[in-house]
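> Just a sequence and a predicted model for now, questions to come.
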Amino acid sequence: MQLLEATDKNIAIAAEVIKRGGLVSFPTETVYGLGADGLNPIASAKIFEAKNRPSFNPLILHIALIETLNEIAEWKNPNIEKLVSKFWPGPLTIVLPKKKIVPEIVTAGNPTVAVRMPGHKVALELIKLSGCPIAAPSANRFGQLSPTDAQHVVKQLKNKVDIILNGGKSAVGVESTILEITDEKIYLLRPGGLTLEEIESVVGKVETKVHSAAKPNSPGQLPFHYSPLIPLKFLNEENLDEYKNKKIGAILFKNSSEKNNFAVERVLSPKGDLREAAANLFAYLHELEKENIDIILIEPVEETGLGRAIMDRLRKASNKFI
Ligand code: TXA
Ligand code: MG
């Protein structure tokens, strides 16, 4: 594994690795991705192996040019044009009927493909130089915390990737919002870095699709995910009482005057801004995972704007420990 600064020269080296069927972890504005040539089934298969990810969980294809969308997906719904012209490049993934050129392994046998144009110049440059859409999940081991800087990737995937491009901290900090778009309808599959409010201001009301274990190809089909190695629960009176004699790592939403004697404490956004909180969420969980504590207690946030994505990740992270 090589950890390289994301200079022009190193992006070009990384693109050669992608072209040869290798694995490159690269920065995006949401989280770091673990990328491979998305039209090469063998290269894409390596992603599942590296992450230890179940092969029924499909990958997102990352593109740099809008023309590429027409090469890999079919679409008619005029709302798609509105959405991508407004929000791409950016933290929005759309799920559309796939074209034949997209390998089955990328879509996990689904007739649809997930596509996103990331809002990060290193990612866009890498895709352009590679000359193919890049298939990439978040660059973490399956079920563990998503990476928002290059060191997080080193920690989890050190010997599993050819190159990690270091492009600093991801500005958004939670994964993209995923919409499934049919000819008539738009469904929210995963809340993420683009808020539902912003989406609805362009296309009107969007329905949320609820997932079930019986339909394993939807995102979030697994009841737990994004979990730190130390148990995580929501901070409430009951949990505070239960763990009062234990070493608590607390993650608070904003500054408060209340004094608690936590072993470790982080504040997601001192002024209570959900954007800042989302950007810090995974980084603080990665930090606390390394501390000598018994439990992580995290304060719930309001479910509006980016609060939806934050609470979605935290519910899945805490489910593992119920
Ligand atoms: O922000 C992001 O989306 C990051 C960066 C790297 O772009 N990527 C990411 O990938 O979060 P991943 O694999 O960790 O999450 C992608 C989700 C999965 O839950 C998967 O089930 C869903 O997208 N997905 C992919 N293709 C799909 C499809 N055809 N239909 C429904 N869901 C799909
Ligand atoms: Mg992921």
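That came through, no problem. Ligands and ions are numbered 1, 2, ... in the order given.

> quick one: secondary structure of the residue of the chain positioned farthest from its centre?
The centre of the chain is farthest from one residue, N245, which by Cα atoms, centre = their mean lies 34.8 Å away. The three-state label given to N245 by DSSP: H, G, I helix; E, B strand; the rest coil is coil.

> again, but for the one 5 residues further on
Recorded secondary structure, A250: strand (three-state DSSP).

> Look up the closest residue to it, ignoring the ones flanking it.
F262 (4.1 Å; Cβ to Cβ, 6 or more residues apart in numbering). Any C-beta I mention is one placed from the backbone N, CA and C, and that applies to glycine too.

> Just give me the neighbour total for the one you found.
Around F262 there are 18 other residues, counting by other Cβ atoms under 10 Å.

> do you know how far the residue farthest from the centre of the chain is from L126?
50 Å (Cβ to Cβ, to the nearest Å).

> Likewise for R53?
For R53 relative to L126 (Cβ to Cβ), the value is 21 Å.

> show me what contacts the nearest residue to E74 once chain neighbours are set aside?
Leaving aside its chain neighbours, E74 sits nearest to P97 (4.4 Å; criterion: Cβ to Cβ, 6+ apart). Neighbour list for P97: A73, E74, W75, P111, T112, V113 [criterion: Cβ atoms under 8 Å, 6 or more residues apart in numbering].

> quick check, P97 in a strand?
Yes: assigned with three-state DSSP, P97 falls within a strand.

> In contact with the residue nearest to the spatial centre of the chain, which residues?
For the chain, the residue nearest the mean C-alpha position is E175 (2.9 Å; Cα atoms, centre = their mean). E175 makes contacts with T30, V31, P91, S138, S146, R190, G192, G193, A309, as judged by Cβ under 8 Å, 6+ apart.

> swap in Y284?
Y284 touches I251, R266, L268, counting by Cβ under 8 Å, 6+ apart.

> Would you mind measuring from the first one to ligand 1?
This points to I251. Counting by Cβ to the nearest ligand atom, to the nearest Å, the gap from I251 to ligand 1 is 21 Å.

> Residues in a beta bridge with that residue, which ones?
R266, I298 (DSSP bridges).

> V264 is in contact with that one, correct?
No: with contact defined as Cβ atoms under 8 Å, I251 and V264 do not form a contacting pair (9.1 Å).

> out of the two, which sits in the more crowded spot?
I251 (24 against 17).

> do you know how far that one is from I296?
Plainly put, I251 is 7 Å away from I296 if you go by Cβ to Cβ.

> Next: A36.
From A36 to I296 the distance is 32 Å (Cβ to Cβ).

> How about V161?
Distance of V161 to I296, given as Cβ to Cβ: 27 Å.

> With the flanking residues excluded, which residue is spatially nearest to T28?
P118 (4.1 Å).

> Surely the one you found is in contact with H62?
Yes: judged on Cβ under 8 Å, P118 makes contact with H62 at a distance of 5.6 Å.

> Export the contacts of E175 to JSON lines and append columns for neighbour count.
Converted to JSON lines, those look like this (neighbours: other Cβ atoms under 10 Å):
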{"residue": "T30", "neighbour count": "31"}
{"residue": "V31", "neighbour count": "28"}
{"residue": "P91", "neighbour count": "27"}
{"residue": "S138", "neighbour count": "25"}
{"residue": "S146", "neighbour count": "24"}
{"residue": "R190", "neighbour count": "24"}
{"residue": "G192", "neighbour count": "27"}
{"residue": "G193", "neighbour count": "26"}
{"residue": "A309", "neighbour count": "28"}
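
> Show only the entries of those found in strands.
Per DSSP state E, strands hold the following members of the contacts of E175: R190.

> Among the contacts of E175, which ones are in helices?
Of those, the ones assigned to helices by DSSP state H are A309.

> what subset of the contacts of E175 is also close to ligand 1?
Residues of those in contact with ligand 1 (Cβ under 6 Å from any ligand atom): T30, V31, S138.
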